[in-house]
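coordinates only, sequence not included:
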């Protein structure tokens, strides 16, 4: 696509972006509604084998949705720490230098050490920000 006219590049990239947005939000909507789907399936009071299977699948969906939400809550926090530190590291070169210094400790495991360093820095920065914000909130509540 790099050698195509700008208009064609813009159209193709827009269509790809639109498809990704629809896909991602569709998956998110399905995840959010997963427990509702399972609950609706459990409410089938029919006496047939199909109704019993439907209730079993519904129970399975509820169990799966519960575990998925727990996993996503942890994975989401970790992902935000990694992304946040990457964004900050591009602005504050000291953070980038710290991550690179930690990566060099064991070159064969630099990717793993990079993740650990970013998670640790993200957690420290997050705690500092939370402490500052809680103090500011306390000051404004008194006012």
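Perfect, thanks for sending it. The model shown is predicted, which means the values in this text are computed figures rather than measured ones.

Next up, phi/psi of the residue of the chain positioned farthest from its centre, please.
Distance from the C-alpha centroid of the chain peaks at residue 47, with 41.1 Å (C-alpha atoms, centre = their mean). With angles defined as degrees, to the nearest 10, residue 47 sits at phi -100, psi 0.

What's the first helix or strand after the lowest-mean-pLDDT helix or strand in the chain?
For the chain, counting by mean pLDDT, DSSP states H and E, helix 93-103 ranks last in confidence among helices and strands (a mean of 87). Sequence-wise, the next helix or strand downstream of helix 93-103 (DSSP states H and E) is helix 110-142.

What confidence value was assigned to the residue nearest the centre of the chain?
By C-alpha atoms, centre = their mean, the chain has its centre lying nearest to residue 76, at 3.5 Å. Looking at residue 76, its pLDDT stands at 90.

Then residue 72?
Note on residue 72: pLDDT of 93.

Could you list the low-pLDDT ranges of this structure?
Applying pLDDT under 70 to the chain flags the ranges 143.

quick one, domains of it?
Taking automatic domain parsing as the reference, the chain has its domains at 1-72, 92-143.

chain center to the shortest one: distance?
Centroid separation between domain 92-143 and its chain, computed with C-alpha atoms, centre = their mean, to the nearest Å, is 18 Å.

what do you get for the first one?
A distance of 15 Å separates the C-alpha centroid of domain 1-72 from that of its chain, computed with C-alpha atoms, centre = their mean.
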